[in-house]
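# need a 3D model of the following:
(one chain, ligands or ions: 1)
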Amino acid sequence: MRQEGKAYNCFCTPDEAQAIKLSLKSQGDKRNYDGRCSHLTEEDVARRKRAGHKHVVRFKVCLSRPRFIELICRRILEKTTHRT
Ligand SMILES: [Zn+2]
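Now for the predicted structure:
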């Protein structure tokens, strides 16, 4: 599932994700997510996984604007979330 450069693990809780979305919206940014977890190092990711943090796989393409892509990504994220 995880291809190099295209997908990354996101450790934001639903509350955090919601807060990010609201803060982007207040800045007039239409994205749902700012991609902050795409900057985590592999070490960070491994440490958080070991600590049992829940995560979803996000796709970098989800950060681009077109609405239909957002819909697809939301579906992918829901599927990924429900698996755990
Ligand atoms: Zn995140």
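
# how close does the closest residue to T13 other than its chain neighbours get to Q27?
If you skip the residues right next to it in sequence, T13 has K54 as its closest partner in space, 7.5 Å away by Cβ to Cβ, 6 or more residues apart in numbering. Any C-beta I mention is one placed from the backbone N, CA and C, and that applies to glycine too. According to Cβ to Cβ, to the nearest Å, K54 stands 27 Å off from Q27.

# could you pull out the helices in this structure for me?
Ranges of helices in the chain, per DSSP state H, are 14-26, 42-50, 67-83.

# re the thing from before, K54 and Q27: who's more crowded?
Taking neighbours as other Cβ atoms under 10 Å, K54 and Q27 compare with K54 leading, 13 against 9.

# so the more buried one makes contact with F11?
Yes: here K54 reaches F11: they are 7.4 Å apart, a contact under Cβ atoms under 8 Å.

# return the residues of the chain in contact with the ion.
Residues of the chain lying close to the ion (Cβ under 5 Å from the ion) are C10, C12, C37.

# want to throw the residues you listed into TSV with pLDDT and neighbour count?
TSV is the format used below for those (pLDDT from 0 to 100; neighbours: other Cβ atoms under 10 Å):
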residue	pLDDT	neighbour count
C10	91	23
C12	91	19
C37	91	20
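
# low-confidence bits of the protein, can you list those?
Applying pLDDT under 70 to the chain flags residues 1-5, 61-84.

# 90 - rerun?
For the chain, residues meeting the criterion pLDDT under 90 lie at 1-9, 13-14, 17, 29-36, 38-39, 54-84.

# if I look at D34, how far off is C10?
Look at D34 and C10: by Cβ to Cβ, they are 11 Å apart.

# same deal with K21?
For K21, the distance to C10 - Cβ to Cβ - is 13 Å.
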